[in-house]
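Q: Predicted model and sequence follow; I will ask about them next.
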Amino acid sequence: MKNINYVINGVLAVAIIVLYILHFSSPKESKITRTFTAGSDSTVLLPVAYVNVDSLLLNYNYSIDLNEVILKKQENSRANITQKARSLQSEMQDFQRKVENNAFLTRERAEQEQQRLIKKQQELQDLDNQLAQELLQEQQKLNEQLRDTIVSQLKAFNANRGYQMVFSNTMGDNILLAGDVYDITADLLEYLNKNYSSPEE
């Protein structure tokens, strides 16, 4: 889960920078006019904001649904491998008993059975690797879908807000200090969840 957050965080940062360059590079005045008071001084806010990606991913319904899809696939894959591993272990134990009781008519027949079990074990390892690779590819595909959705929704969200740049922040990695007024996570999250329809609905 932590790796997913880092990947999405990195991709979001790049996408947002590209968004800024492509979409907001023309010179125009910011629509942001909010001010905050520090002592007696009144200062106009910069047309920038940041999003706490960890919080966004934990609370965005689409992200939650995608995580559920991945978890179900992981569980199914693990159950499949576990079932086959138990079956193989049972066959190996049966083979060992037969060897100890001299149940094989010839040494050649025992070796054939041993080779069959070794081959079956290798096939099980190959299947495990294949399922892990397929799961990783599926996870990457879903991460891309999530990133694309967030970026496109962010464009619409920003249409009447006038931010010239939106940063991503994960566990304080990218932004060490910023005023709470620049944190638009809650507003964006509300917007995203309002515009998302769960497949179950």
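A: That came in fine, so what should we check first?

Q: pLDDT-wise, which helix or strand of the protein ranks last?
A: strand 35-38 (a mean of 41; mean pLDDT, DSSP states H and E).

Q: Count the neighbours of Glu144 for me.
A: Residues near Glu144, counting by other C-beta atoms under 10 Å, number 13. (Glycine included, C-beta is placed from N, CA and C.)

Q: Please report how far it lies from Asn76.
A: Glu144 sits 22 Å away from Asn76, going by C-beta to C-beta, to the nearest Å.

Q: ranges for the strands of this structure?
A: 35-38, 41-44, 48-52, 165-169 (DSSP state E).

Q: Just the CA atoms of stretch 183-198, as PDB, please.
A: What follows is stretch 183-198, C-alpha atoms only, in PDB (Å, rounded to 0.1, in the frame of the first residue of the first chain):
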ATOM      1  CA  ASP A 183      -4.300  23.000   1.900                       C
ATOM      2  CA  ILE A 184      -7.200  22.300  -0.500                       C
ATOM      3  CA  THR A 185      -7.300  18.500   0.300                       C
ATOM      4  CA  ALA A 186     -10.700  18.600   2.000                       C
ATOM      5  CA  ASP A 187     -12.300  20.700  -0.700                       C
ATOM      6  CA  LEU A 188     -10.900  18.600  -3.500                       C
ATOM      7  CA  LEU A 189     -11.900  15.400  -1.700                       C
ATOM      8  CA  GLU A 190     -15.400  16.600  -1.300                       C
ATOM      9  CA  TYR A 191     -15.500  17.500  -5.000                       C
ATOM     10  CA  LEU A 192     -14.100  14.100  -6.000                       C
ATOM     11  CA  ASN A 193     -16.400  12.000  -3.900                       C
ATOM     12  CA  LYS A 194     -19.400  14.100  -5.000                       C
ATOM     13  CA  ASN A 195     -18.600  13.400  -8.700                       C
ATOM     14  CA  TYR A 196     -17.800   9.700  -8.200                       C
ATOM     15  CA  SER A 197     -20.500   7.000  -8.500                       C
ATOM     16  CA  SER A 198     -19.600   3.700  -6.900                       C
END
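
Q: Show me what counts as buried in it.
A: Neighbour-count burial for stretch 183-198 flags Asp183, Ile184, Thr185, Leu188, Leu189, Tyr191, Leu192, Tyr196 (criterion: 16 or more other C-beta atoms under 10 Å).
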